Each structure stands twice: as structure tokens, then as C-alpha cells.
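> sequence unknown, structure follows:
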């Protein structure tokens with residue numbers, strides 16, 4: 001610690017972290033989004049986010065990806081209608097995954113629940 005004027009110490013390190021922890025190769029290979037997504041997003045961010053949005057099931061299509069006309073207030077996917085619960089659960093059940101475990105819960109002391 002470095003002494004600051006008065007009696008209060010100042011931090012000599014403001015939580016700077018530079019280490020990198022890459023995922024195991026198998027995890028990276030099975031990821032939904034690969035490392036090249038950074039390059040795609042940098043090349044055309046609106047096209048990138050539109051492509052990501054198309055990975056979801058929308059109840060109604062959007063007419064505009066981003067409305068930035070009232071900066072700093074952004075509006076995304078103008079006119080689109082999205083049912084988040086459907087995308088989180090229902091579409092996976094419809095795809096035949098309804099019998100798979102979604103959540104393993106463990107409480108204390110040893111009580112468990114599988115959903």
C-alpha cells in the first residue's frame with residue numbers, strides 16, 4: 001500500500017488482471033460462438049447482432065436492427081416481438097429435448113432436486 005495524504009492508504013494496484021485462461025480444446029470446439037465472432041463483430045457490428053438475433057425464434061420480425069436517433073438511448077430490433085420463455089425452454093422441448101435435465105440443484109445439507 002502507498003500512503004495517501006492524511007491517514008488513509010491508497011491502493012497501489014487497482015485490481016489489474018492480465019492473465020488469460022483459455023477454455024479446454026473440447027469446450028472451445030463445442031461452443032455456440034467461436035473466436036472468429038470477434039472479427040465478424042468488428043467488421044460489421046449491426047450485421048453481426050442481426051445474425052445472432054436470427055439464432056432465436058421471433059414471434060414478429062423487426063424492421064430495424066438499431067435505432068440510435070435518440071442517443072445515448074439505443075433501441076434494438078425495432079418492431080420485433082420476442083418470447084424469451086419460448087426461446088429458453090419451449091423450443092428445446094419442441095425439438096425433442098424435453099426429457100433432458102435442465103438443472104441439477106443441491107442445497108444444504110444434502111437435499112437435491114433435478115428439473
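Nice, I can see it. What you see is a predicted model, and the numbers here were worked out from it, not measured in a lab.
> Contacts for the biggest helix by length in the chain, please.
Determined from DSSP state H, the single longest helix within the chain is helix 45-53. Residues from elsewhere that reach helix 45-53, judged by Cβ atoms under 8 Å, 6 or more residues apart in numbering: 37, 40-41, 62, 65-66, 76-77, 80. Bear in mind the C-beta positions are built from the backbone N, C-alpha and C, glycine included.
> quick check, distance from stretch 26-33 to the centre of its chain.
Chain-centre distance of stretch 26-33: 15 Å, with Cα atoms, centre = their mean, to the nearest Å.
> what comes into contact with that stretch?
22-23, 34-35.
> picking that back up, just the buried ones among the contacts of helix 45-53, please.
62, 65, 77, 80 (16 or more other Cβ atoms under 10 Å).
> Among those residues, which one lies nearest to residue 16?
Proximity of these to residue 16 (Cβ to Cβ) peaks at residue 65, which lies at 35.3 Å.
> What residues does that closest one make contact with?
Residue 65 neighbours (Cβ under 8 Å, 6+ apart): 46, 49-50, 53, 76-78.
> Pick out the most distant pair among the buried ones among the contacts of helix 45-53.
Based on Cβ to Cβ, the longest span within the buried ones among the contacts of helix 45-53 runs between 65 and 80 and measures 9.3 Å.
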